[in-house]
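> let me see the structure of the following:
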Amino acid sequence: MQEISLISFESLNLFTLSPMITLCAGALFIICVDMLKKGLARGFYASLTSIFLAGAFIFILAFGAQNESGFFDMMLIDGMSKLSQMAILVISLLFTQLALCKKKFAEHNFAEYFALLLFMTAGFAFMVSTTNLILMFIGLETASLSLYTMIAMHNRKKAVEAALKYFTMGAVASGFYAFGAMLLYALSAGVDINEIVIRLSDRNFTPVIGILGALALMLGAVGFKLSLIPFHTWMPDVYEGSPAPLAGYISIAPKIAAFVVAVRIFEPFIARDIVWVENIFYIFAAVTMTLSNLMALVQTDVKRMLAFSSISHAAFILCAVLAEANNAMFIYWILFMFTNMGAFALLWASRNSSNLHDERFQHPFVKFSGLIKTAPVTAVLMGLFMLSLAGIPPFSVFWGKIYIMSAVINGGYIFLAVIMAVNSAIAVYYYLKLIVYMFLKPSLEANGKIYADNASLAVSAVVGITAAITLTAVLLVEPIAVFIKYFLPL
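As a prediction, this is how the structure comes out:
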């Protein structure tokens, strides 16, 4: 009689699931509290959400620099997982505080809004903490479904339209991912990406057509989440329809998770000098950053301009994936996320119930005309964020660009570095366009208070934190690099 072996809890290493369990438990707790006591203040739910996000962050720090695997080796808590989870949790904490704005919006009255944020963050955590294609997909769908719902909860016509567009395109992307994973499984009989690459390598990566088809489908799925051209069409409309904090969050957290997935899936192929994979990434990076910058030039709304801007920044970071420069990628993300969230927080502070200067847009460029005269502090802070996003030294994003361009040059992609430099110069124009409106155009408003209609203490604190990091990046970049190197040794 064959003896049945039992699985011990020690071998499962359930501690690897602790950040996700904390977030999911927090979401369920918030829902249960809402069932027992209706009508609790949004500040209460925001505080609960912040506590559970901070708890998950503490669990990640508890792992230290040691890599751990668990749950039948499906979970992988390595340096990349820890860094990306910490970045996502920090930006989620900042995003949560923006719900405590001066005006009351429908979504903030629902406990489900904060529960969905925690579920979404847990989905991102699963995406970045595995090399298993099935678990990546589960994390992707958990995060995506939560995000679609959060957009629609804004209870505006444009928000519902944005959510439907995002959902439709997201469904197509999920189909790409599922078919790509199916092809990889058919070619290798494995669902772990490292195992798949080893088995394909043993066959000298044949059949090429099958592998190319699988990776093309996977790139389509990842390209949608990263809004790479031509998978970007949803992004400007979703930004326009979403409230400013959520638009800023979409430009950061989902993309961090998607980039880690891209590294997990494609970097093993790049590391084995599969030329056609390198060429595809090369073309996508060059085309995406160029076309997105050209489209940003003609925008008349600040939020849509920032949408195309974030596409360009995503293409910059894609160059780091191509150059296998994960340290540079995380330096860029950490510096970029504070600056970008600060810009969107300022847009949120100036949110008002009516479109004052444009029938369609909430934040047209003309709205900020002469801002230096009516609201000088807001003008200076927005100018700071624009200069940083443009890559002007010594502000934060400049250092991220330096790290990535150095890695690209060291990787031998000289022409790509030239394309990056040219696009950086193009980007300066549309960022300076807003500065020209704020500092050189005549003011259209006599009362600068409209630019702080929605600015509560919490919103002001988020703006202050992001501005301080953007301004002092020259002092912070070295400690950040050392911190990243602790988790990702070169």
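
> now the residue nearest the centre of the chain: closest residue in space that isn't a chain neighbour?
The residue lying closest to the centre of the chain (Cα atoms, centre = their mean) is Ile252, at 2.2 Å. Among residues not flanking Ile252 along the chain, Met337 sits closest, at 4.6 Å (Cβ to Cβ, 6 or more residues apart in numbering). No exception for glycine: its C-beta is placed from N, CA and C like everyone else's.

> wait, is that neighbour part of a strand?
No: Met337: not assigned to a strand; according to DSSP: H, G, I helix; E, B strand; the rest coil it is helix.

> give the buried residues for whichever helix in the chain runs longest.
Looking across the chain with DSSP state H, the single longest helix is helix 157-188. Residues 158-159, 161-163, 165-167, 169-170, 173-174, 176-177, 179-181, 183-184, 187-188 are the ones in helix 157-188 that count as buried (16 or more other Cβ atoms under 10 Å).

> after it comes which helix or strand?
Note on helix 157-188: by DSSP states H and E, the next helix or strand toward the C-terminus is helix 193-202.

> that following helix: which residues count as buried?
Within helix 193-202, the residues scored as buried using 16+ other Cβ under 10 Å are Ile193, Ile196, Val197, Leu200.

> please pull out the lowest mean pLDDT helix or strand from the chain.
Ranked by mean pLDDT, DSSP states H and E, the helix or strand of the chain with the weakest confidence is helix 9-12, at a mean of 68.

> got the CA positions of the next helix-or-strand element following that one in CSV?
Next helix or strand after helix 9-12 toward the C-terminus (DSSP H and E): helix 18-36. Extracted in CSV, the C-alpha atoms of helix 18-36 (Å, rounded to 0.1, in the frame of the first residue of the first chain):
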residue,chain,number,x,y,z
SER,A,18,1.5,37.7,4.5
PRO,A,19,1.3,41.0,2.6
MET,A,20,-1.5,39.8,0.3
ILE,A,21,-3.4,38.2,3.3
THR,A,22,-3.1,41.5,5.2
LEU,A,23,-4.6,43.5,2.3
CYS,A,24,-7.4,41.0,1.5
ALA,A,25,-8.2,40.7,5.2
GLY,A,26,-8.3,44.5,5.4
ALA,A,27,-10.7,44.7,2.5
LEU,A,28,-13.1,42.1,4.0
PHE,A,29,-12.9,43.8,7.4
ILE,A,30,-13.9,47.1,5.9
ILE,A,31,-16.9,45.4,4.1
CYS,A,32,-17.9,43.7,7.4
VAL,A,33,-17.7,47.0,9.3
ASP,A,34,-19.9,48.7,6.7
MET,A,35,-22.5,45.9,7.0
LEU,A,36,-22.7,46.3,10.8
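
> buried residues in the helix or strand that helix 18-36 is followed by?
Following helix 18-36 in sequence order, the next helix or strand is helix 42-62 (DSSP H and E). Within helix 42-62, the residues scored as buried using 16+ other Cβ under 10 Å are 42, 45-46, 48-50, 52-53, 55-57, 59-60.

> what angle sits between helix 42-62 and helix 18-36?
Helix 42-62 and helix 18-36 are oriented at 160 degrees to each other (axes from the mean of the first three to the mean of the last three Cα atoms, to 10 degrees).

> what mean pLDDT does helix 42-62 get?
Mean pLDDT, computed over helix 42-62, is 93.

> other residues contacting that helix?
Helix 42-62 has contacts (Cβ atoms under 8 Å, 6 or more residues apart in numbering) with 18-20, 22-23, 25-27, 29-30, 33-34, 82, 85-86, 89-90, 92-93, 96-97, 99-100, 104, 108-109, 111, 113-114, 117-118, 121, 125.

> beyond that helix, next helix or strand please.
Later in the chain than helix 42-62, the nearest helix or strand by DSSP H and E is strand 68-70.

> contacts for that following strand?
So strand 68-70 is contacted by Leu12, Asn13, Leu14, Phe15, Thr16, Leu17, Met75, Leu76, Ile77 (Cβ under 8 Å, 6+ apart).

> rewinding a little: what about the longest helix of the chain, distance to the chain center?
17 Å (Cα atoms, centre = their mean, to the nearest Å).

> any weak-confidence spans in the stretch 351-490 of the chain?
353-359, 446, 448, 490 (pLDDT under 70).

> all helices of it, in order?
371-374, 376-389, 396-410, 414-440, 457-471, 473-487 (DSSP state H, counting those that start in this stretch).

> for Gly210, find the nearest of those.
The closest of the helices of the stretch 351-490 of the chain to Gly210 is helix 414-440. By Cβ to Cβ, the value is 28.4 Å.

> residues of the closest one that come out buried?
416-417, 419-420, 423-424, 426-428, 430-435, 437-439.

> now stretch 396-415
For stretch 396-415, a neighbour-count test (16+ other Cβ under 10 Å) marks 396-405, 407-408, 411, 413 as buried.

> just send those residues back as CSV, with distance to Asn67 too.
Shown next, in CSV, are the buried residues of stretch 396-415 (distance: Cβ to Cβ, whole Å):
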residue, distance to Asn67
Ser396, 29
Val397, 30
Phe398, 32
Trp399, 28
Gly400, 26
Lys401, 30
Ile402, 29
Tyr403, 24
Ile404, 25
Met405, 29
Ala407, 23
Val408, 27
Gly411, 25
Tyr413, 29
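
> so Tyr370 is in contact with Val436, correct?
Small correction: residue 370 is Gly, not Tyr. No: using Cβ atoms under 8 Å, Gly370 is not in contact with Val436; the gap is 11.0 Å.

> what touches both of the two?
By Cβ under 8 Å, 6+ apart, no residue touches both Gly370 and Val436.

> picking that back up, per-residue pLDDT of the residue nearest to the centre of the chain, please?
Reported pLDDT for Ile252: 92.

> what of Asn109?
Looking at Asn109, its pLDDT is 84.

> same question for Ala216.
pLDDT, Ala216: 89.

> what do you get for Ala159?
pLDDT for Ala159: 84.

> do Val263 as well
92.

> excluding its backbone neighbours, what's nearest it?
Nearest residue to Val263, sequence neighbours excluded (Cβ to Cβ, 6+ apart): Val321, at 5.7 Å.
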